[in-house]
Structure formats: C-alpha cells, structure tokens
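>>> Next input, structure requested:
(chains A and B)
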Number of protein chains: 2
Amino acid sequence: MEVLEAIYGRRSVRQYTSEPVTREEVLEIVQAGSWAPSGLNNQPWRFAIVSDDEKRRALAGFTKYRHILEGAPVSIAVFCDRAAMYNDTKDHQSVGACLQNMLLAAHALGLGAVWLGEILKSADKVRELLALPESLELMAVVAVGRPAEFTRTGDRKDLDELIVGEY
Amino acid sequence: MEVLEAIYGRRSVRQYTSEPVTREEVLEIVQAGSWAPSGLNNQPWRFAIVSDDEKRRALAGFTKYRHILEGAPVSIAVFCDRAAMYNDTKDHQSVGACLQNMLLAAHALGLGAVWLGEILKSADKVRELLALPESLELMAVVAVGRPAEFTRTGDRKDLDELIVGEY
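Presented below is the predicted three-dimensional model:
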C-alpha cells in the first residue's frame, strides 16, 4: 500500500472479527513503531504484547472502551522508559511518531487498529497487571485485530484553518 | 512507495540541493500531517511555512543546527494550539504522529526532511519572528529539501530489548 494512500485512508478500527492476529504481524507492527525518529535517537518506547484472554479482559476493565479491548485479539501497551527519556515533551512526541508508525503498519498489513489514550487514567493498574516497573510510563494501548466494520469517512479541518502563516 | 519500505527506509536528511520545493509538495506534506489521529479528534496542530530567504536565515539563527535550516529551501514550523489542546501528553503525542506523517510523506515524495527539536529552546523567538500569538506552542521545525546526501544506515535497538513483556 502506498504511503499517502495509507496516511489518508487509515481509520480507527474498533470492531474486529474473531480471527487471530499472528505473532509475526504483531512483531512487524512493533518493529515499525521502533523505526520512528527520536531525539538523540534515544528510542524511549517499550512494548507489552497482551493476547492472553484473562489478561486482555483485565486490561479491558481499566478503560471505558472496555468493549474494544475485549473484542481485539491483541492489545499492545506502549510505554516510555523513564530511564531512556531526556525531555518529556520530545519523548512523548517521539512515542506519538512510534504509535503512528504502528497504526500505518497495521493498516498496510490489512489489520485494523485503534490508539486508546483514555486508559492512561489507569496507568498504575496497567503496570501492576503486567508486573512492570514504575519506570515505565504508560503512553497508550493499541488494540489490533481484523477489521469487522465498514470504513468510515474521516473528518479533518481544511488546510487554510491549519496554516497559520506563510513567509 | 510502500508503507513499510518508507517506515524502515526513511532517514533524517540534513543536506539539500539548491532545487526548490514546490508549494504543492509542501501542502501535501502539511496535509499528510493533518491526517494524524488526535484525542477527541481535536487536531491541535498548526503549521507555519517559511521559504522567504530572510525569514529562513533568521529562523536558522535560533538553533545550533543553523546550517541545516540555512541549506533547506523550506522550513515548516509545527505548533500545538493551546486553544485546541485538552491534555499536554496526549496532544504532544498527536503532534508527534503528525510529524511522522510529514516525514513519511516527504520521503514518499522523494524529498528529504529532518525533525528539529533543539530549536524549542528558542520557541518565544520563533513565535516573535513569525508574529504568531502566544497560544501557539512550538513543537518542532521540519526542514525540507531535495536530498544531497547518501542514505545512511539506520540504527535501532533489537526487538527483544524493546518488548518488556508478552502475556
């Protein structure tokens, strides 16, 4: 799939078929994420892959979008490693770039994915559930599966609302 | 260009030929950025396009990577609009996703680009130079031009260093 086609055609997918996602597909998504740029190339992102039924259900209980995580065969929790970070703003931006690579890779692989941020309110519980150290700051959970919903149209502001100046 | 090829093949390009970048190319890069996902679809990104010689040189004076901005025919300053923001972490992540779309689009168009974050130390001066309001928080400057350097190899950690758990 072409880059611009993927960028403009990707949508958040929140409903999935029961067909599993392979480990190879998950690793490709994570690897794509890891090729994002980061300040000083510090690569602060860390990934936890959750496909176990019980763990997925427990994770789902930490967000009001429970039904999405329950329906997704795989969830990938993305963290920022405090030990690798050097600047909150820049590191959070880098993880955003990493997440976008993951979403584009999933889309290119024919999978559907959605970036969930609301679960950050339960960051401590997520870390506890996965037995991960406090040094890992939860950044988002990406739900992944095979799309079971129609592609919706996207909605973005016109460029003339977004361009604040040309010099 | 294929999505995964672009994600793995994109590199920061810091040297450019003197050939100009067209306005259409710049608008495509900005538009690609604008199709990033954002929390509540708040689309907090704003863009200032700098191709005027004098303004570019002045902008270049605000970073230790002066030579990059002086050599690039176009610089795009990316801001987060405080009036549109709802959560610093999530909005900064979204702008990171937007920046990654911009870099991938530039790469797909055969252009070279680099994400400069060091200039954030001069955020006030950048805003002043471009006569933009304080409500716009500088996020990065992206330099864009036609590549005049060899593609270097990339360097990323192995997946087993990045995956902190599988459940």
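
>>> In contact with the residue in chain A positioned nearest to chain B: list those residues for me.
Chain B sits closest to A:Gly96 of chain A, with a gap of 2.6 Å, by CB to the nearest CB. To be clear about C-beta, it is placed using only N, CA and C from the backbone, and glycine gets the same treatment. By CB atoms under 8 Å, 6 or more residues apart in numbering or on different chains, the contact set of A:Gly96 is B:Ala36, B:His92, B:Gln93, B:Ser94, B:Val95, B:Gly96, B:Ala97, B:Cys98, B:Leu99, B:Gln100.

>>> Once you drop chain neighbours, what's closest to it?
Spatial nearest neighbour of A:Gly96, chain neighbours left out: B:Gly96 (2.6 Å); criterion: CB to CB, 6 or more residues apart in numbering or on different chains.

>>> For the one you found, give its distance to A:Val114.
Going from B:Gly96 to A:Val114 by CB to CB, to the nearest Å gives 17 Å.

>>> residue nearest the centroid of chain A?
When CA atoms, centre = their mean is applied to chain A, the residue found nearest the centroid is A:Val142 (3.4 Å).

>>> show me the residues around that residue that make contact.
Residues in contact with A:Val142 (CB under 8 Å, 6+ apart) are A:Ile29, A:Ser75, A:Ile76, A:Val78, A:Leu99, A:Met102, A:Leu103, A:Ala106, A:Ala113, A:Val114, A:Trp115, A:Leu116.

>>> hey, which helix is longest across chain A?
Using DSSP state H, we find that the single longest helix of chain A is helix A:88-108.

>>> Report the buried residues of that one.
By neighbour count on 16 or more other CB atoms under 10 Å in any protein chain shown, the buried set for helix A:88-108 is A:89-108.

>>> Any buried residues in stretch A:122-130, and which?
For stretch A:122-130, burial by neighbour count (16+ other CB under 10 Å) applies to A:Ser122, A:Ala123, A:Val126, A:Arg127, A:Leu129, A:Leu130.

>>> meant to ask about stretch A:131-142, not that
For stretch A:131-142, by 16+ other CB under 10 Å, it's A:Leu132, A:Leu136, A:Glu137, A:Leu138, A:Met139, A:Ala140, A:Val141, A:Val142.

>>> with the residues you listed in mind, which one is nearest to A:Thr63?
A:Val141 (7.5 Å; CB to CB).

>>> In terms of helix, strand or coil, where does that closest one fall?
Of the three states, A:Val141 takes strand according to DSSP: H, G, I helix; E, B strand; the rest coil.

>>> Okay, and the beta partners of it?
Beta-bridge pairing for A:Val141 (DSSP bridges): A:Ala77, A:Leu116.

>>> quick one: it and A:Ala77 touch, right?
Yes - counting by CB atoms under 8 Å, A:Val141 does reach A:Ala77; the two are 5.0 Å apart.

>>> Can you work out which residues contact both of the two?
Common neighbours of A:Val141 and A:Ala77 (criterion: CB under 8 Å, 6+ apart): A:Leu59, A:Val126.

>>> Could I get the full set of strands for chain A?
For chain A, strands defined by DSSP state E occupy the ranges A:45-50, A:74-81, A:112-116, A:136-145, A:163-166.

>>> Nearest to A:Lys157, out of these?
Closest to A:Lys157 of the strands of chain A is strand A:163-166 (CB to CB; 10.2 Å).

>>> how about the closest one against chain B, any contact?
Yes - using CB under 8 Å from any CB of the partner chain, strand A:163-166 comes into contact with chain B via A:Ile163, A:Val164, A:Gly165, A:Glu166.
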